[in-house]
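Asker: here are the coordinates; sequence isn't available:
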């Protein structure tokens, strides 16, 4: 059964302008395969605040943070999280975390913050239970953990597994985009399955 693109799932919540055009033949690819395209391209971890184009803004492809891995994979699959998160925050600013002391949305950075993506995914109805069972994590799931019990980190569950059957993850935790074994390396705090 062919999966529907994420773009069609958000239509009731977001105007078509919130969606981006995907490259030919890419939209129906899996999130892991789209994230994997960043390996060897995004080679640096850089959390700098950058003034970005809108919509479809992005930091240079060779740089980024953990959220950029997810953002770029979704974008190739037809959903521009920059615009989708910004539009939702404009309408529902009070429902998003107030960690940064902002008085209004900032389209340059909001979608690159893990707590904001968590809230956005929750608002899409994508939350699924957190567990310590590898079988509960499917290819393309989005997972949040805490590094050092304080720093939120996000990754995509891969379609590849280690020799014990545990899914690998695709993320940027400081060395550029990598695919590696690390699903349970940190305390998990969020689990999302795009519908």
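Answerer: That came through fine. Small disclaimer: the values here were computed from a predicted structure and weren't measured.

Asker: show me where the chain has its strands.
Answerer: 142-147, 151-161, 167-172, 177-180, 187-192 (DSSP state E).

Asker: of all those strands, which one comes closest to residue 131?
Answerer: strand 187-192 (7.9 Å; Cβ to Cβ). For every residue, glycine as well, the C-beta is placed using N, CA and C.

Asker: who are the packing partners of the closest one?
Answerer: Contact analysis of strand 187-192 by 3 or more Cβ pairs under 8 Å, 6 or more residues apart in numbering; DSSP states H and E lists helix 114-123, strand 142-147 as its packing neighbours.

Asker: how does it look with 10 Å?
Answerer: Contacting strand 187-192 under the criterion 3 or more Cβ pairs under 10 Å, 6 or more residues apart in numbering; DSSP states H and E are the following elements: helix 114-123, strand 142-147, strand 151-161.

Asker: same question for the last one: list its buried residues.
Answerer: When neighbours are counted by 16 or more other Cβ atoms under 10 Å, the buried residues of strand 151-161 are found to be 152-159.

Asker: can you redo these as a markdown table with distance to residue 40 and pLDDT?
Answerer: A markdown table is the format used below for these (distance: Cβ to Cβ, whole Å; pLDDT from 0 to 100):
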| residue | distance to residue 40 | pLDDT |
| --- | --- | --- |
| 152 | 25 | 98 |
| 153 | 21 | 98 |
| 154 | 20 | 98 |
| 155 | 17 | 98 |
| 156 | 16 | 98 |
| 157 | 20 | 98 |
| 158 | 16 | 98 |
| 159 | 18 | 98 |
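
Asker: so what's the residue most central in space within the chain up against?
Answerer: Nearest residue to the geometric centre of the chain (Cα atoms, centre = their mean): residue 70, 3.0 Å. Contacts were defined as Cβ atoms under 10 Å, 6 or more residues apart in numbering; by that measure residue 70 touches 31, 35, 81, 111-112, 114, 117, 121, 142, 154-156, 170-172, 192.

Asker: next: residue 176.
Answerer: Residue 176 makes contacts with 38-46, 62-64, 69, as judged by Cβ under 10 Å, 6+ apart.

Asker: same check, this time on residue 44
Answerer: Counting by Cβ under 10 Å, 6+ apart, residue 44 touches 60, 62-65, 172, 174-177.

Asker: who wins for most neighbours among those?
Answerer: Comparing those on neighbour count, residue 172 comes out first with 27 neighbours (neighbours: other Cβ atoms under 10 Å).

Asker: would you mind measuring from that residue to residue 32?
Answerer: Remark: distance between residue 172 and residue 32 (Cβ to Cβ, to the nearest Å) = 14 Å.

Asker: all set now, cheers.
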